[in-house]
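Q: quick check, what structure comes out for this input:
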Amino acid sequence: MSHDRKVRRYMDYSLFFTVIFLLLFGLIMVYSASSYESSLKFDDSAFYLKNQAKATALGFITVLIVSRINYHVFQKPALPIYLMSLFLVFLVLTPLGVTKNGARRWLDVGISVQPAEIAKVGVILLFAACLSKYGKKLSATLPGFIISMIVAGIPAGMVLIITSNLSSAIIIFGIAMVMIFVCSPKTLPFVLLALLAVGAAVLLVYMVMNGIIPEEVSYRMARIRAWLQPEAYASGTGYQTLQSLYSIGSGGIFGKGLGQSTQKLGFVPEAQNDMIFSIICEELGLFGAVAVMVMFIILIWRFVIIANNAPDQFGAFIVTGVMAHISIQVILNIAVVTNTIPNTGITLPFISYGGTSILFLLFEIGLCLSVSRSIEV
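A: Sure, this is the predicted structure:
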């Protein structure tokens, strides 16, 4: 006797509503952190909030559209998207390139766009397509592993050299490495690579601290010294880090209260951008900081659930890449704000001010929701 089986499509509403919560919380914190500065600069306390709200609304529409599109649509054009992202990074060198806060990292194409964010999407799609088709050849053989490293290194190197954006370069390369690691049956190459990276970092710090590499050679060398001795560089490269630590320390357990931060009154530079987590700590205390981290942990947990239940490897690798992107970016941002690693400009996903970042993060979330919709229950 046969029974008809009713197939129900799965939709990860936990992921969807977690992202909505982070976006709404981000809008509140952007307004709180930026109202003083925007009042002085633009005579409008809600200037940054309005811009962020527009980008969030556009990103939300993107989520709804992309989540309804079959994610396999992006499999064949993965390589063209990757190559287009490289071309956009190159365009920063042309008159289309825009300099903000001393860094040339944006394109002016009617709106301001940061090509590094597009490069992250390009790497996720390309590696998802390649690993789902040639997984073992790319991850388990030496030639394949070297090719994968080169493909990941090209956009990372371009972003680093052309835009001097070390944090985005690390994220792009890290996304690819996590995706290859998940696919690979071998762990030794990754252990050796990690040891090599740590060894190089320790050697670099030693050489800077002992004057073998003068800090005048690069502003990054000065940032390493400021990371190790922020008080000694309180009036220069260590200023932002030191003010951030003051902000975190003054928040205590439950904080001063929403909107009550004093460090955002011109003391913490870019309070609504890279350092917004320090304002969260000051206004909402340890309780608020832990709550934000728990929300990101829930987000990562949902990515794991979707990836494990994806109907094919392409969908699983897309979700893995998005998970790697958000995880690495959250870890780096919090590490910078707490002075665990040297200062490098990086935003807190869904919360920091930045239109391009919000838009492409939500595009990635749309892809993950599209994968989740293909899961049969």
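Q: what ranges do the helices span in the stretch 1-150 of the chain?
A: Under the criterion DSSP state H, counting those that start in this stretch, helices of the stretch 1-150 of the chain are mapped to 13-42, 47-68, 78-90, 115-139, 142-163.
Q: out of those helices, flag the one nearest residue 325.
A: Closest to residue 325 of the helices of the stretch 1-150 of the chain is helix 115-139 (C-beta to C-beta; 5.7 Å). The way it works is simple: take the backbone N, C-alpha and C, and place the C-beta from them, glycine included.
Q: go through that closest one and flag the buried ones.
A: 115-132, 135, 138-139 (16 or more other C-beta atoms under 10 Å).
Q: now stretch 345-357
A: Within stretch 345-357, the residues scored as buried using 16+ other C-beta under 10 Å are 345-357.
Q: and those, which is closest to residue 192?
A: residue 346 (26.5 Å).
Q: would you agree that closest one is in contact with residue 334?
A: No: taking contacts as C-beta atoms under 8 Å, residue 346 lies outside contact range of residue 334: 9.8 Å.
Q: where exactly do the helices run in the stretch 251-377 of the chain?
A: Counting by DSSP H, counting those that start in this stretch, the helices of the stretch 251-377 of the chain are 276-309, 313-337, 355-373.
Q: including mean pLDDT and distance to residue 32, could the ones you listed go into CSV?
A: Formatted as CSV, the entries for the helices of the stretch 251-377 of the chain read as follows, by pLDDT from 0 to 100; distance: least, C-beta to C-beta, whole Å:
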stretch, mean pLDDT, distance to residue 32
helix 276-309, 94, 7
helix 313-337, 95, 16
helix 355-373, 93, 17
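Q: out of those, flag the one nearest residue 62.
A: Residue 62 lies closest, by C-beta to C-beta, to one member of those: helix 355-373, at 5.3 Å.
Q: give the residue spans of this structure that score low on pLDDT.
A: 1-10, 211, 213-220, 377 (pLDDT under 70).
Q: identify the single longest strand in it, thanks.
A: Here the longest strand in the chain is taken by residue count, with DSSP state E as the criterion, and it is strand 103-108.
Q: buried residues in that strand?
A: Buried residues in strand 103-108, counted by 16+ other C-beta under 10 Å: 105-107.
Q: same question, stretch 227-245
A: By neighbour count, and taking 16+ other C-beta under 10 Å as the criterion, the buried residues in stretch 227-245 are 227, 230, 233, 237-245.
Q: closest one of those residues to residue 309?
A: Sorting those by distance to residue 309 puts residue 244 at the head of the list, at 39.5 Å, by C-beta to C-beta.
Q: my read: that closest one touches residue 279, true?
A: No: when contacts are counted by C-beta under 8 Å, residue 244 is not listed as touching residue 279 (9.1 Å).
Q: quick check: neighbours shared by these two?
A: Listed as contacting both residue 244 and residue 279 by C-beta atoms under 8 Å, 6 or more residues apart in numbering are 263, 268.
Q: re earlier: single out the most deeply packed of the helices of the stretch 1-150 of the chain.
A: Of all those, helix 115-139 has the most neighbours on average by mean count of other C-beta atoms under 10 Å, namely a mean of 23.
Q: packing partners of it?
A: The elements that helix 115-139 packs onto, with contact taken as 3 or more C-beta pairs under 8 Å, 6 or more residues apart in numbering; DSSP states H and E, are helix 78-90, strand 103-108, helix 142-163, helix 166-183, helix 313-337, helix 355-373.
Q: now distance to residue 202 too, for the ones you listed, in JSON lines please.
A: Formatted as JSON lines, the entries for these read as follows, by distance: least, C-beta to C-beta, whole Å:
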{"stretch": "helix 78-90", "distance to residue 202": "30"}
{"stretch": "strand 103-108", "distance to residue 202": "27"}
{"stretch": "helix 142-163", "distance to residue 202": "20"}
{"stretch": "helix 166-183", "distance to residue 202": "17"}
{"stretch": "helix 313-337", "distance to residue 202": "16"}
{"stretch": "helix 355-373", "distance to residue 202": "31"}
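Q: re earlier: in helices only, show me the buried residues of stretch 227-245.
A: Using DSSP state H, the members of the buried residues of stretch 227-245 that fall in helices are 227, 239-245.
Q: centre-most residue in the chain?
A: The residue lying closest to the centre of the chain (C-alpha atoms, centre = their mean) is residue 329, at 3.6 Å.
Q: which residues does that residue contact?
A: 171, 346-349.
Q: same thing but at 7 Å, please
A: Under the criterion of C-beta atoms under 7 Å, 6 or more residues apart in numbering, the contact list for residue 329 reads 171, 346, 349.
Q: out of the helices and strands packed on helix 115-139, which is closest to residue 298?
A: The closest of those to residue 298 is helix 313-337. By C-beta to C-beta, the value is 11.8 Å.
Q: the closest one versus helix 166-183: what angle between them?
A: For helix 313-337 against helix 166-183, the angle between stretch directions is 140 degrees (axes from the mean of the first three to the mean of the last three C-alpha atoms, to 10 degrees).
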